Every structure is written in C-alpha cells, then in structure tokens.
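S.K.: Below is the sequence, then the predicted model.
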Amino acid sequence: MSGLYRLLFTKLQLPSPSAIQGKTILITGANTGLGREAARHALALDASTVILGVRSLSKGEEAKINIESSTGCTDQGKVLVWSIDLESFSSLQAFAAQALRYVEDGGRLDIVIMNAGIASVEYNVTPDGWERGLQVNVLSTALLSLKLLPLLLRTKELEPSSRPHLTILTSDIHKLITFPERTEKAILTSLTNEEQWKSSQRLGGATERYGVTKLMDLFIAIELARLVPRDDLGNPLVIVNAVAPGFCKSDLLTREKAPWVLKLVQALIARTVEEGSKTLLHAVDQGIETHGRWLDNQVVADPGSMVTSPEAVIVREKVWREIVTILRDVDAEVRTEY
C-alpha cells in the first residue's frame, strides 16, 4: 500500500535548467513514452543536443517533429535521430560506432539514459539466439552501456568540472519476482530456455520475466558503478545510477499482449509519461551519493533483499560474470576493466 500511496501522492520535480543546459543527452527508446517525454523535458531545459536512439527512423523523425513543435526549439542539429535495434547486437555496435564518430568529430556526450526496454508476455528468440526480453533489457543494455562509458569518461577528461551520468531505467517490480533460475549453473542460458520461460511465467505470473530483467538492470548498474574509475579523492569519474519511474501510462503494455487487468490498473492509477519521465531527468542531476544506487520516487531507496541479501550479491556477481563472458564473444573490443 505504501508503494501505491507514493505513486499517487508524490510530487515529482524536474532539475533546474542549469543542470541540463548545454549538455548532450542520449536517450534510447526515445520515439515514444518515457523516452520521448524525457527528451522533451531535456530540450525545454535547454540541452544543447538531444540524441534520440530509436528502432524506427520514421517514428523517430515523427517524435523529433513533435518534440520540436511543442518546445518551440527547431534549431538545426539540436535533436538528432539515430537508429538502434536492441534485438540485434550488430545494430547496437553500429550505433555505438556512430556515437564514437560523433565525439571524434567534435561532439560530446554528457548524459546517457538507457530507457529502451520491452515487457513481453510471449516467448520469442532474437536472431542472436537469446530470449527477446533478456537480450533487449539485459544483454544489449549492458553492452551499450559498456560501449558508451568510454565516451562519457572522455567528457570528464576534457572537462574535469563536468559530471557525466549514465542512468539505467529499472522498476520496483523486481521485488515481486520468484526467479527460480538464480540457482542454475548457467543462469542466462536457463532464462533463454523455452520450457523454463513458460514454467517461470506460470509460477510467477505475467510480469515474472519482465521483473527478472529489471532486477538484472539493477545488477548491471551496480557492477558498472564498481567498474567506473575514480579520481584521486575516490570520486567516480562518471556517475552511474538506476531509476524507477513508477507505474506509468507508457506504451510498454500496449505493445504487448499484457493481461487486461494490468492494463485496467494502468489506466486507472498510473502516472502519465510526462510526469514519470521527470524521474529520468532528476536521476541525471544527482551526485555521487547516488553512484551505484537505486532511485525510487526521486530518492535513494532500498531495493530489497533480491538485491542486497548475501545470496543476492552472489547471484549478482555470477550474472555479471555471465554477461561479460557473453558480451566478449559478441564484441572482442568491449572494455570490462579500467
């Protein structure tokens, strides 16, 4: 009940314009929902450049026009639309290469918001051979974060007074999962097995597997925070945190065959995406006290035993080792140590 109370009665805030002004912000999944509204907020707060990472370029261009018209900001090059499909490692690598060229050509990257994700209730496997939700929400999120981290570090190196951020979108739904696969020898392989997938959905309910991927996004944020190099005072050179926007009226459920009861609850009590997206901009304005932490309702919160218990720490470290092993096979140049 306390979670519902906070959802309904917490007044969310945007950061001051000075926190965003002049920054280059990259947002994945930015043609719709929370990503698009976060981009709109960023432009209204006078970001110098907003990069929309989108699966469909045509829909991305529509989002760009929508954002520009609502903010009155139509300056050439202010909003960029880049193609990325998180169901394809090769698409992700091309996107990361585009980001690198952008920086090498004189651009910069101050903030990355890893917003893209899916909440599928049907079993599907990507062309890369992984269960669809696992690849999009976990493996691709981890790989893109690792590929973009050096570009954020470059910003810090060139401008020591800057405070680059990498924020990963999560959810409080991870607190409700059963996650029986956590005891398996190869956790990610087990999560891709079709029979195991169906068994988990029956046991934990329609949101079980989505919740597992959101738990792993929290794991990724924690491990990336540990990976980030620090200055002479011990402060991280890039702030990595995780944010839960709360239950929102996004397209996450409408794109998939979610249970009608869940859609009804969403329609009745969920936050608007305009409101929920404020949490994303808030997260990228927070200080080192949020590094490796989870923000819920715009405050650092306890993510629960699935993240903090001694057993959970063992599972997290094992999952991260598996992720790193998989990603090194995908991209031999991915950097997992500093």
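M.R.: Cool, got the structure.

S.K.: any idea how far residue 94 is from residue 279?
M.R.: According to C-beta to C-beta, to the nearest Å, residue 279 stands 30 Å off from residue 94. For glycine as for every other residue, the C-beta is placed from the backbone atoms N, C-alpha and C.

S.K.: One more: residue 291?
M.R.: With distances taken as C-beta to C-beta, residue 291 is found 30 Å from residue 94.

S.K.: After the strand or helix carrying residue 134, which helix or strand is next?
M.R.: Per DSSP states H and E, residue 134 falls inside helix 132-134. For helix 132-134, the following helix or strand on the C-terminal side (DSSP H and E) is helix 140-158.

S.K.: Give me the mean pLDDT for that next one.
M.R.: Per-residue pLDDT over helix 140-158 has a mean of 98.

S.K.: and the angle for the helix or strand where residue 325 lies with helix 140-158?
M.R.: According to DSSP H and E, residue 325 maps onto helix 310-330. Angle, helix 310-330 to helix 140-158, by axes from the mean of the first three to the mean of the last three C-alpha atoms, to 10 degrees: 80 degrees.

S.K.: Sort out which residues of helix 310-330 are buried, please.
M.R.: Buried residues in helix 310-330, counted by 16 or more other C-beta atoms under 10 Å: 312, 315-316, 318-320, 322-324, 326-327.

S.K.: Then stretch 65-74?
M.R.: Buried residues in stretch 65-74, counted by 16+ other C-beta under 10 Å: 67-68, 71, 73.

S.K.: Return the distance of it from the chain's centre.
M.R.: 24 Å (C-alpha atoms, centre = their mean, to the nearest Å).

S.K.: Using PDB, write down the CA coordinates of it.
M.R.: Only the C-alpha atoms of stretch 65-74 are listed here, as PDB (Å, rounded to 0.1, in the frame of the first residue of the first chain):
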ATOM      1  CA  ILE A  65       8.900  17.000 -35.000                       C
ATOM      2  CA  ASN A  66       6.500  16.500 -32.100                       C
ATOM      3  CA  ILE A  67       9.200  17.500 -29.600                       C
ATOM      4  CA  GLU A  68      10.400  20.500 -31.600                       C
ATOM      5  CA  SER A  69       7.000  21.900 -32.200                       C
ATOM      6  CA  SER A  70       5.900  21.600 -28.500                       C
ATOM      7  CA  THR A  71       9.100  23.200 -27.200                       C
ATOM      8  CA  GLY A  72       9.500  25.800 -30.000                       C
ATOM      9  CA  CYS A  73      13.000  24.700 -30.500                       C
ATOM     10  CA  THR A  74      13.800  24.000 -34.100                       C
END
